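K.L.:
Output the structure for:
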Amino acid sequence: MRKTKIVATLGPSCNSEESIKRLMLAGVNIFRLNFSHGQHEIHAAAVENIHKLNEELDMNAGILADLSGPKIRTGEVKDGSMLLVAGDYISITSENVVCSDGKISINYPHFAEDVNPGEYVLLDDGKLLLQIVRTNHVNAAEAKVIQGGILSSRKGVNLPDTTLRLPSLSEKDLSDLDFIMGLDVQWIALSFVRSAKDIVELREKIFQYAKADYPRIVAKIEKPEAVKNAEEIIKESDAIMVARGDLGVEVPLEKLPGIQKQLIRLAVAESKPVIVATQMMEGMIGSFRPTRAEVSDVANALLDGADALMLSGETSVGMYPVETVDTMNRIILDAEKLNDPYFRVGHNPSPIERIISDSIIISACDMAQKINATAIVAMTRTGYSAFKISSYRPKAGIFIFSNDRHLLKTLSLFWGVRGIYFENFSDTDSVMGQMREVLVVRQLVERGDYVINISSIPIGQPGKTNMLKLSIA
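P.N.:
Numbers count the residues shown, from 1 in each chain. So this is what the prediction gives:
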């Protein structure tokens, strides 16, 4: 059973019910709705199809709604494109004018106030590089073209050296959030996070809505400030994403692999799931096979300890979305035969109120390794046992029973976790026997296998795991 999860972005190539079904059967665990693109009605239809197929296929695929964030872009370019020549000087203005004749406009009103001489400006995913020479601190700055090329309309702007006063949530984000909170989604991703305060602000807005099941928050790490503040951001969020697109533009490229490993290590230590994203299988947007480098990238992210790997354009606009998922699935399965992803150490100390629960969970993972147990089984109402067991990366299968379908879909992001819907929570011994029988019937364990159960006594007490039992299936 594959342990590392696959996140796939929906888009024109795979929005239909039949395409989503094929992706689920190929191995997708979480579907990403990218709110940088697509109309609300398209996303709503996708959510409806996912929930319908979950019921039809007896699966628990989750949904991640990814907010656009306050992206800075250039304005419209006269005749569609303009040439920037290395060594030339160009004016960058926050006024709403057409880009031409040595002038570029951008949609960030405080640009001239925030930048300083010597700071770099990157355009179009870093393809063009400029350096600030002077600024009037009002509405315009002058920059020298260091690396030239063709600039077309509405390209992204990155300011890696500049402290910006952008809000964490744009007006579009607030409108999208209002729409998202009317849907049944399990995760919301916040783009361009800079500090833990950004997560707090989003959570406060989420809690303003009256919902039975609130979505959890994924902090996208794609700014230098976020890397600097990573520990605080991870503590405040429910999961993180190593968003290597903008991050790879804003930090020196040679530092990206080390940052990826650092962020994964910090997240696992806090028992928070971590997604590695961007350009994992990008060659398959137009090709039936990935490059050798992409195969290695997928395997190495898994070996670094990632919970999930994400596909973006490969599935949303690519020619081979299902084949891409199938290929990633095969790479993951082969890489997981190695020992590197398992039994991670270096977890942070447990809070006093969790010491007993965490000690039971750690003991279960340790026992599973020593006796080669097939399964660690837990029932949960909050998900805590699931993400704590997952963070220790046991080789044994992690089977989480719950009567909360929203929670089971949420757990689809966690490494190694297989969620199973289960209604009958009565006395502990009979429930454990019934859960073992479910695993045998579904051929997830065999007769004679060791199974480790953890639970609370009395049964079903949230956060009160205080019992470990070794059984034979």
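K.L.:
For Asp101, the count of nearby residues, please.
P.N.:
Neighbours of Asp101 under the rule other Cβ atoms under 10 Å: 9. Where C-beta positions appear, they are placed from N, C-alpha and C, glycine not excepted.
K.L.:
nope, Gly286 is what I meant
P.N.:
12.
K.L.:
Now do the contacts for it.
P.N.:
Contacts here follow Cβ atoms under 8 Å, 6 or more residues apart in numbering; on that basis Gly286 touches Gly318, Met319.
K.L.:
again, only using 7 Å
P.N.:
When contacts are counted by Cβ atoms under 7 Å, 6 or more residues apart in numbering, Gly286 touches Met319.
K.L.:
How much space separates it from Asn15?
P.N.:
As defined by Cβ to Cβ, to the nearest Å, Gly286 lies at a distance of 19 Å from Asn15.
K.L.:
in the stretch 151-300 of the chain, which spans are helices?
P.N.:
171-180, 196-206, 224-228, 230-236, 244-250, 256-269, 292-304 (DSSP state H, counting those that start in this stretch).
K.L.:
Buried ones in the third one, by neighbour count?
P.N.:
Spelled out, that is helix 224-228. Pro224, Glu225, Ala226, Val227 (16 or more other Cβ atoms under 10 Å).
K.L.:
Not counting its neighbours along the chain, what's nearest Glu201?
P.N.:
Ser168 (5.6 Å; Cβ to Cβ, 6 or more residues apart in numbering).
K.L.:
low pLDDT regions in the stretch 151-300 of the chain?
P.N.:
Of all residues in the stretch 151-300 of the chain, none has pLDDT under 70.
K.L.:
at 90 instead, please
P.N.:
163-168, 210-212 (pLDDT under 90).
K.L.:
pretty sure Leu407 is touching Gly383, no?
P.N.:
Yes. Under the criterion of Cβ atoms under 7 Å, Leu407 makes contact with Gly383 at 5.5 Å.
K.L.:
got the contact list for the nearest residue to Gly126 once chain neighbours are set aside?
P.N.:
Sequence neighbours aside, Val249 is the residue nearest to Gly126 in space, at 4.1 Å (criterion: Cβ to Cβ, 6+ apart). Val249 makes contact with Leu122, Asp125, Gly126, Asn158, according to Cβ under 7 Å, 6+ apart.
K.L.:
hmm, 10 Å instead?
P.N.:
Applying Cβ atoms under 10 Å, 6 or more residues apart in numbering, we find Val249 in contact with Leu122, Leu123, Asp124, Asp125, Gly126, Lys127, Gly156, Asn158, Pro160, Glu222.
K.L.:
I figured the third one hits Leu130, correct?
P.N.:
No. Assessed by Cβ atoms under 10 Å, Asp124 is found out of contact with Leu130, at 11.4 Å.
K.L.:
Surely Ile376 is in contact with Asp449?
P.N.:
No. Using Cβ under 10 Å as the test, Ile376 is too far from Asp449 to be in contact (11.8 Å).
K.L.:
higher neighbour count, the two?
P.N.:
Higher neighbour count among Ile376 and Asp449: Ile376, with 27 against 19, using other Cβ under 10 Å.
K.L.:
Could you point out the bridge partners of the more buried one in the sheet?
P.N.:
Ile398, Ile452 (DSSP bridges).
K.L.:
What residues does it make contact with?
P.N.:
361, 364-365, 367-368, 385, 389-390, 392, 394-400, 416, 451-454, 468.
K.L.:
Do a quick rundown of the strands in the stretch 1-150 of the chain.
P.N.:
5-9, 30-34, 62-66, 81-84, 89-93, 103-105, 120-123, 128-135, 140-147, 149-152 (DSSP state E, counting those that start in this stretch).
K.L.:
just checking, what packs against the fifth one?
P.N.:
To tie it back to what came earlier, the one meant is strand 89-93. strand 103-105, helix 111-114, strand 120-123, strand 128-135, strand 140-147 (3 or more Cβ pairs under 10 Å, 6 or more residues apart in numbering; DSSP states H and E).
K.L.:
Please name whichever of those is nearest to Met59.
P.N.:
strand 120-123 (41.2 Å; Cβ to Cβ).
K.L.:
quick one: strands adjacent to the closest one?
P.N.:
strand 128-135 (antiparallel), strand 157-158 (antiparallel).
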